[in-house]
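**Q** what follows is a protein structure lacking sequence information:
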Ligand code: SF4
């Protein structure tokens, strides 16, 4: 494909840019050869996909290399640790053999905590008749996750993506399901489930016809326990035309309306990482169209170094979201996988950014929760710092726990300015956190631990 500027006032078509054609972009050609090669080195290990909307409307090319949307979509050298970078750099300089490059890439990927192979076998929920449901996860009591096989990609890839193994051909790490009937059966066998979360990749990559098959199956089953359908998506940010001018945009909006007309709450879990994603006319119109269907849009993002580690930006973003009729919902902490060393923000700093932003927005923006780690035992929020016996401590609590009772009590860790994840923290009292024994001995939670490795932004 050769680059041609898109027409945005008509019915734009999505053009993707990957490792094979990103050098066609004039914006990229303006960068040095060294920079372009760096992108190739990193892009051979971690997934990379941009599109014409991101390139032409979201990235400020006068602000390279620090533009947040640029860092969010184009591979950055620091995303690989120096030893991994050199390994791939040398490989690309010495060979063009695709197989050899792929072998080196896989070798590096396996050192980025992609989750051990074979895990899926242990993770899958089963129907009462023993059928294993690849493509579903049931982590918290009320919510089950559904990964339709047609939604295992996104309109563009976030450079920090925590689900990166799905996009780099590590097939044994993919999980997906095609069977709407089995989803219905599982939800009907589990009356404790009130929410079904469609996730991926991005379920909004699906055609309306395909998405409506799953939705129809759920609606027609008239499941008394099903109260909410959630859609975890970044389409508003990466391709708002999905809800405006794509050939099936109206059909998709009608599916949303069908959900709400049937008395089921439609929760649109929209992924926005930066205020700039809310700046175009297209995203504002798309938000309006989605809201007209009766869907409620809740917003979430991880806190990311080099992209959004700025309290003022978060405050402006939450305020803008409220103005557009969305509900700020979660600030996450970057997970312990992939390029965490590049995007991670220490927990103490994350709390400072969160509290500073939180305290400067109106009450309507304070629906947001965070900073929250989707960690093995559950969603753990950093609540603040305190002092006990002259020692500074971090205060934590569960927003969701493997055992729902865990959400009742705060717990404490030794103050540590460098910790970026729950595993880095040491208990303030005793040698274990209060939940650890139960987590490692209870069969149910043991299974959950195995599940968890595949679950990231699962709200
Ligand atoms: S939208 Fe979500 S799943 Fe897709 S690349 Fe971004 S973080 Fe990953």
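**A** Arrived safely. From a predicted model like this one, the values you see are computed outputs, not experimental measurements. Numbers count the residues shown, from 1 in each chain.
**Q** and the helices in the stretch 201-350 of the chain?
**A** 208-220, 235-238, 249-261, 281-292, 311-323, 340-343, 347-358 (DSSP state H, counting those that start in this stretch).
**Q** in the last one, what counts as buried?
**A** To tie it back to what came earlier, the one meant is helix 347-358. Neighbour counts over helix 347-358 (16 or more other C-beta atoms under 10 Å) mark 347-355, 357-358 as buried. Heads up, the C-betas are built off the backbone N, CA and C, glycines and all.
**Q** same question for stretch 426-433.
**A** Residues 428, 433 are the ones in stretch 426-433 that count as buried (16+ other C-beta under 10 Å).
**Q** and the contacts of it?
**A** Residues outside stretch 426-433 that contact it (C-beta atoms under 8 Å, 6 or more residues apart in numbering): 388, 391, 393-394, 411-414, 416.
**Q** mind listing the strands for the stretch 151-300 of the chain?
**A** For the stretch 151-300 of the chain, strands defined by DSSP state E, counting those that start in this stretch occupy the ranges 195-198, 228-233, 265-271, 296-303.
**Q** and if you look at the stretch 351-459 of the chain?
**A** 369-375, 378-388, 391-401, 411-414.
**Q** make a markdown table out of the ones you listed and add mean pLDDT, mean neighbour count and distance to the ligand.
**A** Listed next are the strands of the stretch 351-459 of the chain as a markdown table, based on pLDDT from 0 to 100; neighbours: other C-beta atoms under 10 Å; distance: least, C-beta to the nearest ligand atom, whole Å:
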| stretch | mean pLDDT | mean neighbour count | distance to the ligand |
| --- | --- | --- | --- |
| strand 369-375 | 93 | 23 | 13 |
| strand 378-388 | 94 | 18 | 17 |
| strand 391-401 | 95 | 18 | 19 |
| strand 411-414 | 97 | 19 | 27 |
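**Q** include distance to residue 232 when you put those strands into a markdown table, please.
**A** Converted to a markdown table, the strands of the stretch 351-459 of the chain look like this (distance: least, C-beta to C-beta, whole Å):
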| stretch | distance to residue 232 |
| --- | --- |
| strand 369-375 | 12 |
| strand 378-388 | 15 |
| strand 391-401 | 15 |
| strand 411-414 | 28 |
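**Q** I'd say residue 14 and residue 54 touch.
**A** No: judged on C-beta atoms under 8 Å, residue 14 makes no contact with residue 54 at a distance of 10.3 Å.
**Q** who has more neighbours out of these two?
**A** residue 54 (23 against 16; other C-beta atoms under 10 Å).
**Q** so who does the more buried one touch?
**A** Counting by C-beta under 8 Å, 6+ apart, residue 54 touches 69, 73, 156, 238.
**Q** I figured the last one hits residue 50, correct?
**A** Okay, so that is residue 238. No: using C-beta under 8 Å, residue 238 makes no contact with residue 50, being 9.1 Å away.
**Q** buried set for stretch 307-321?
**A** By 16+ other C-beta under 10 Å, the buried positions in stretch 307-321 come out as 307-311, 313-321.
**Q** now, which of those sits nearest residue 441?
**A** residue 309 (37.7 Å; C-beta to C-beta).
**Q** and for the residue lying closest to that closest one once chain neighbours are set aside, the neighbour number?
**A** Once flanking residues are discounted, residue 309 sits nearest to residue 345: 5.3 Å by C-beta to C-beta, 6 or more residues apart in numbering. As a burial measure, residue 345 scores 21 neighbours (other C-beta under 10 Å).
**Q** what do you get for residue 98?
**A** Neighbour count of residue 98, defined by other C-beta under 10 Å: 8.
**Q** got it, and residue 142?
**A** Residue 142, neighbours per other C-beta under 10 Å, totals 15.
**Q** contacts for stretch 243-256?
**A** Under C-beta under 8 Å, 6+ apart, the answer for stretch 243-256 is 10-12, 204, 207-209, 211-212, 215, 235-236, 241-242, 266, 282, 285-286, 289-290, 292-295.
**Q** mean confidence for it?
**A** The pLDDT scores in stretch 243-256 average 98.
**Q** residue contacts, the most far-flung residue of the chain relative to its centre?
**A** The centre of the chain is farthest from one residue, residue 389, which by C-alpha atoms, centre = their mean lies 39.4 Å away. If a contact means C-beta under 8 Å, 6+ apart, then residue 389 has no contacts.
**Q** could you check the pLDDT of it?
**A** 93.
**Q** where are the low-confidence patches of the stretch 1-150 of the chain?
**A** 1, 115-124 (pLDDT under 70).
**Q** helices of that one, start to end?
**A** Under DSSP H, counting those that start in this stretch, the stretch 1-150 of the chain gives helices at 26-29, 33-43, 52-53, 68-73, 82-94, 98-109, 119-123.
**Q** before we move on, back to that, present the contacts of residue 54 as a markdown table; the columns should include distance to residue 398 and neighbour count.
**A** Formatted as a markdown table, the contacts of residue 54 follow (distance: C-beta to C-beta, whole Å; neighbours: other C-beta atoms under 10 Å):
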| residue | distance to residue 398 | neighbour count |
| --- | --- | --- |
| 69 | 33 | 24 |
| 73 | 33 | 22 |
| 156 | 33 | 27 |
| 238 | 31 | 28 |
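**Q** find the closest residue to the ligand in the stretch 301-450 of the chain.
**A** Closest contact between the stretch 301-450 of the chain and the ligand, by C-beta to the nearest ligand atom, is at residue 302 (8.4 Å).
**Q** quick one: that residue and residue 339 touch, right?
**A** No: counting by C-beta under 8 Å, residue 339 is not a contact partner of residue 302; they are 11.8 Å apart.
**Q** give me the common contacts of those two.
**A** Residues touching both residue 302 and residue 339 (C-beta under 8 Å, 6+ apart): residue 160.
**Q** between these two, tell me which one has more neighbours.
**A** Higher neighbour count among residue 302 and residue 339: residue 302, with 28 against 24, using other C-beta under 10 Å.
**Q** report the beta-bridge partner residues of the more buried one.
**A** residue 332 (DSSP bridges).
**Q** residues touching it, list them.
**A** 160, 162, 273, 331-335, 343, 457.
**Q** gap between stretch 355-372 and the chain center?
**A** 20 Å (C-alpha atoms, centre = their mean, to the nearest Å).
**Q** so what would you say the end-to-end distance of that stretch is?
**A** This stretch, stretch 355-372, spans 13 Å end to end (C-alpha to C-alpha, to the nearest Å).
**Q** for it, report the contacting residues that lie outside it.
**A** Residues from elsewhere that reach stretch 355-372 (C-beta under 8 Å, 6+ apart): 303, 311-312, 314-315, 318-319, 321-322, 327-333, 347, 350-351, 353-354, 379-382, 384, 399.
**Q** rerun that using 6 Å as the cut-off
**A** 303, 311, 314-315, 318-319, 322, 327-328, 330-333, 350, 354, 379, 381-382, 399 (C-beta atoms under 6 Å, 6 or more residues apart in numbering).
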